[in-house]
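Asks: Provide a 3D model corresponding to the input given below.
(one chain, ligands or ions: 2)
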Amino acid sequence: MREFIAGLPKCELHLHIEGTLEPELKFELAGRNGLKLPYSSVAEIRAAYTFDSLSSFLKIYYEGMRVLRTEPDFYDLAMAYLRRAAAQNVRYAEIFFDPQAHTSRGVPFDVVIRGLRRALMDAQAQLGVRAQLIMCFLRDFQAEYAMATLLESLPYREWIAGVGLDSDERGNPPVKFATVYARARQEGYLLTMHCDVDQDDAIEHIRQAVEDIGVDRIDHGVNILEDQRLVDLVLARGMGLTCCPISNGYVTDSMKAEGIRKLLDLGVRVTINSDDPAYFDGYVLENLEALQHALQLTEAELAQLERNAFEITWLPRHLKDAYL
Ligand code: ADE
Ligand code: ZN
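Replies: Numbers count the residues shown, from 1 in each chain. Ligands and ions are numbered 1, 2, ... in the order given. Reported below is the predicted structural model:
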């Protein structure tokens, strides 16, 4: 089974590039930028990863990315991820980035996107991995800042497949960003957003995302099982869910494997992804292995999970078909 999972052509659709920042690269970037980290070794950094909720994780995640300053920093970050992805037989990835986590501390938008874009182009040429970018708004900032970020992205419209919404969900429902999402749709962006597992008002957030905003897919979203009407709606629309089992185990009490199995059995296009692999200690391969171990998934079911992912990519039809 290990060999089967390793050899499976993979598609990653829920991956925060800032969440791929490994401790070794943190040290290298800190050195390059003349910054002093409050840790003296890689082991010390890892020992400080003691989160048990979304908010405790986010604190460490934002602190960690302060070493990212220049265009080559963002290039190196993305290239390191894409090398690992290629080694795990990831053929295609849609990669989230959080521009406001950088512009809010003085790093210009164009520095971020140019570095990431250059890595994506080089990875395609050198590693054979195709990837696209999804720009996420930080939901714990004001909607006006998200709108300003959307407008700032427009000169780079062709480099960005769609928009997402992440960060701290508590008190920040999807409808807070209804105007921003309507404008993003007008500009031709595809739409997704996080409905994180077991958050307050989880099912109401999923309802708003699907019915009020009209997203094209949902990131996480396992709580949809609480409302059969919404499950039926997602099935009717053929929408996908990007689930992240190991991440679930860190920010809640479990991987939510049984829920993922139920979604798969219902025919929902559920997919398996790694979220923030440098922090949760598992890339997509390890997520598939962990889920298989928990559920005793068959080869056919594992193949279905990857087929689901390739089916819901935001690639133009002719490119999508080449993976199916
Ligand atoms: N930002 C990075 N990872 C995230 C996650 N799992 N949920 C919400 N926001 C995030
Ligand atoms: Zn996420």
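
Asks: Most proximal residue of the stretch 151-300 of the chain with respect to ligand 1?
Replies: residue 166 (3.4 Å; Cβ to the nearest ligand atom). Every residue, glycine included, has its C-beta placed from N, CA and C.

Asks: Need phi/psi at that residue.
Replies: In terms of degrees, to the nearest 10, the main-chain angles of residue 166 are phi -140, psi -160.

Asks: and if you look at residue 72?
Replies: phi -60, psi -30.

Asks: For burial, what's the neighbour tally of it?
Replies: 15 (other Cβ atoms under 10 Å).

Asks: try residue 265
Replies: 10.

Asks: same deal with the one 10 residues further on?
Replies: Neighbouring residues of residue 275 were enumerated by other Cβ under 10 Å; the total is 31.

Asks: That one touches residue 251, doesn't it?
Replies: No: distance between residue 275 and residue 251: 9.1 Å, which falls outside the contact criterion (Cβ atoms under 8 Å).

Asks: hang on, the earlier thing: residue contacts, the residue of the stretch 151-300 of the chain closest to ligand 1?
Replies: 16, 96, 98, 136-139, 193-194, 219 (Cβ atoms under 8 Å, 6 or more residues apart in numbering).

Asks: Residue 91 and residue 176: what is the separation?
Replies: According to Cβ to Cβ, to the nearest Å, residue 91 stands 35 Å off from residue 176.

Asks: returning to what we had before: does the residue of the stretch 151-300 of the chain closest to ligand 1 have any beta-bridge partners, and if so which?
Replies: residue 138 (DSSP bridges).

Asks: Would you confirm that residue 201 contacts residue 171?
Replies: No: between residue 201 and residue 171 there is no contact under Cβ under 8 Å: 9.2 Å.

Asks: quick one: which of those two has more around it?
Replies: residue 201 (15 against 10).

Asks: near ligand 1 too, which of the contacts of residue 166?
Replies: 16, 194 (Cβ under 6 Å from any ligand atom).

Asks: Kindly reformat the contacts of residue 166 as CSV containing pLDDT.
Replies: As requested, these are arranged in CSV below (pLDDT from 0 to 100):
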residue, pLDDT
16, 98
96, 99
98, 99
136, 99
137, 99
138, 98
139, 98
193, 98
194, 98
219, 98
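
Asks: taking the contacts of residue 166 one by one, which sit in helices?
Replies: With DSSP state H as the criterion, helices contain none of the contacts of residue 166.

Asks: can you redo the contacts of residue 166 as JSON lines with neighbour count and distance to residue 324?
Replies: JSON lines is the format used below for the contacts of residue 166 (neighbours: other Cβ atoms under 10 Å; distance: Cβ to Cβ, whole Å):
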{"residue": "16", "neighbour count": "28", "distance to residue 324": "26"}
{"residue": "96", "neighbour count": "24", "distance to residue 324": "23"}
{"residue": "98", "neighbour count": "24", "distance to residue 324": "30"}
{"residue": "136", "neighbour count": "26", "distance to residue 324": "27"}
{"residue": "137", "neighbour count": "26", "distance to residue 324": "31"}
{"residue": "138", "neighbour count": "21", "distance to residue 324": "34"}
{"residue": "139", "neighbour count": "23", "distance to residue 324": "33"}
{"residue": "193", "neighbour count": "28", "distance to residue 324": "26"}
{"residue": "194", "neighbour count": "26", "distance to residue 324": "26"}
{"residue": "219", "neighbour count": "27", "distance to residue 324": "22"}
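
Asks: ok, so of the contacts of residue 166, who is nearest residue 36?
Replies: Ranked by distance to residue 36 (Cβ to Cβ), these are led by residue 98 at 23.8 Å.

Asks: wait, the closest one sits on residue 58?
Replies: No: Residue 98 lies out of contact with residue 58 (Cβ under 8 Å); the separation is 10.5 Å.
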